[in-house]
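*Asks:* Quick one: sequence plus predicted model below, questions after.
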Amino acid sequence: MNYPKAIGPYSVSTSAKDLVFVSGQLPINPSTGDFASNDIKELTKQSLKNIEEILKEQGLSMQDVVKTTILLADINDFASVNEVYAEFFKEPFPARSAYAVLALPKNARIEIEAIALKKS
């Protein structure tokens with residue numbers, strides 16, 4: 001498994017018909033169990049890599065993602081997050097929501113969740 005295990009009573013992903021729901025991914029390096037770094041770009045990259053690995057296990061890729069939600073501890077990180085996000089997604093881009101939140105688990109700076117579509 002190349003992604004972190006769930007840190008609570010939930011699944012890292014679940015399916016419903018043709019949709020795969022990937023739970024919010026903190027920027028945890030699965031090899032160390034720690035955050036990738038304190039740099040928001042590296043943290044964003046790790047969260048997205050975790051999503052990518054979860055999808056790969058189900059035979060999907062980032063191109064199958066139709067919706068993401070980004071939770072940020074600091075909305076001022078938004079531009080930096082967008083730079084990294086653009087490395088993982090190509091047109092047509094998935095729909096997306098981004099929110100600044102009061103706090104995230106483990107005092108993370110970012111958490112990203114995704115919904116992917118299984119193509120027939």
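*Replies:* Everything's here; your move.

*Asks:* Helices of the protein, residue ranges please.
*Replies:* Using DSSP state H, the helices assigned to the chain run over residues 40-57, 78-88.

*Asks:* Could you export these to a markdown table, including columns for mean neighbour count, distance to Leu104 and mean pLDDT?
*Replies:* The way it works is simple: take the backbone N, C-alpha and C, and place the C-beta from them, glycine included. Formatted as a markdown table, those follow (neighbours: other CB atoms under 10 Å; distance: least, CB to CB, whole Å; pLDDT from 0 to 100):
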| stretch | mean neighbour count | distance to Leu104 | mean pLDDT |
| --- | --- | --- | --- |
| helix 40-57 | 21 | 11 | 97 |
| helix 78-88 | 15 | 13 | 98 |
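
*Asks:* possible to save these as CSV with distance to Tyr10?
*Replies:* Output for the helices of the chain, formatted as CSV (distance: least, CB to CB, whole Å):
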stretch, distance to Tyr10
helix 40-57, 13
helix 78-88, 23
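
*Asks:* so which of these gets nearest Ile110?
*Replies:* Proximity to Ile110 (CB to CB) singles out helix 40-57 among the helices of the chain, at 5.2 Å.

*Asks:* what angle separates the closest one from helix 78-88?
*Replies:* Interaxial angle of helix 40-57 relative to helix 78-88 (axes from the mean of the first three to the mean of the last three CA atoms, to 10 degrees): 30 degrees.

*Asks:* elements contacting helix 40-57?
*Replies:* When contacts are defined as 3 or more CB pairs under 8 Å, 6 or more residues apart in numbering; DSSP states H and E, helix 40-57 sits against strand 19-25, helix 78-88, strand 110-117.
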